[in-house]
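Participant: coordinates for the following, if possible.
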Amino acid sequence: MTYEIEATTNRIIKLLNRDGSNRDKATLSSLINAPTITSQRAQAVWPILLANLDDTQLSHNGVPTRGEIAVYTAIRFYAIYQQGQEQFVYAKASGDQPDGAKFFSALAILRQKEETRKALDSRVQGVLSTTNAASVINGLSHLNSLLKGRNKTQKIDFAWLAQDLYRLQASYEQATQVRLLWGQQYFSMKPTTKTEGVEN
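Facilitator: Numbering: from 1, shown residues only. Below you'll find the model as predicted:
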């Protein structure tokens, strides 16, 4: 199921992009302005979202499923990141041509800049220490906006993020694994110092 979430998100993002020639601007705008799948503006997104989810991923009682929340959140983050940019900002982080980055790996690249490291570390630590999925998503939303503002050229693998968000909601144990994985992606890249690479 986890990989189905990634594949579904990948498919929806490509449908929204329409090869860049005629992006679905109305749906992208609704995504940007609707923080959750139950927001009124999100109703404009339901046709493309719900039609592409597998029946096992759909809610049959009006309470959003883990799959619906994960995919919606990831495509919303994509819409925010894509806004105002001509080039397609989404790319896979694995496979034949992996020119995208996992979300926290992209943040790790941003962490290389000394002037942003302290504030960024604080925001990331806040997300990593939270167990509530809604709070995690809220924190990720702020980090996504920060990424957009500071590193517009980096392509992000939002489908991989959907997969992580799906697992995060499964159980305490899976949420712990996801948070550790995010921490590994973010902290394992050593920050560069101003003196590195300078010959004496």
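Participant: could you use CA atoms for every contact and neighbour count after this?
Facilitator: Will do.
Participant: which residues in this protein form strands?
Facilitator: Per DSSP state E, the chain carries no strands over any range.
Participant: can you show me the helices along it?
Facilitator: Listed in chain order, the helices found in the chain under DSSP state H are 2-17, 25-32, 46-52, 66-82, 103-111, 114-128, 133-150, 158-168, 172-187.
Participant: and the last one, what does it pack onto?
Facilitator: In this case it means helix 172-187. With contacts defined as 3 or more CA pairs under 8 Å, 6 or more residues apart in numbering; DSSP states H and E, the packing partners of helix 172-187 are helix 103-111, helix 114-128, helix 158-168.
Participant: poorly predicted segments of the protein, please.
Facilitator: The chain contains residues with pLDDT under 70 at 1-2, 20, 96-97, 191-200.
Participant: show the contacting residues for Arg150.
Facilitator: When contacts are counted by CA atoms under 8 Å, 6 or more residues apart in numbering, Arg150 touches Leu110.
Participant: just Trp160 next, same as before
Facilitator: Here Trp160 is in contact with Glu6, Lys92, Ala93, Lys102 (CA under 8 Å, 6+ apart).
Participant: gap between it and Asn10?
Facilitator: Per CA to CA, to the nearest Å, Trp160 is found 9 Å from Asn10.
Participant: can you check Asn138 too?
Facilitator: Noted for Asn138: a distance of 22 Å to Asn10, by CA to CA.
Participant: name the residue in the two with the higher neighbour count.
Facilitator: Between Asn138 and Asn10, Asn10 has the larger neighbour count (other CA atoms under 10 Å), namely 22 against 14.
Participant: which residue packs closest to the more buried one, ignoring adjacent ones?
Facilitator: For Asn10, ignoring the flanking residues on the chain, the nearest one in space by CA to CA, 6 or more residues apart in numbering is Ala159 at 5.3 Å.
Participant: and that neighbour, how many neighbours?
Facilitator: Neighbours of Ala159 (other CA under 10 Å): 30.
Participant: OK, contacts around it?
Facilitator: By CA under 8 Å, 6+ apart, the residues touching Ala159 are Ile5, Glu6, Ala7, Thr8, Thr9, Asn10, Val71, Ala74, Lys92.
Participant: what about the third one, how many neighbours?
Facilitator: Using other CA under 10 Å, Ala7 has 17 other residues around it.
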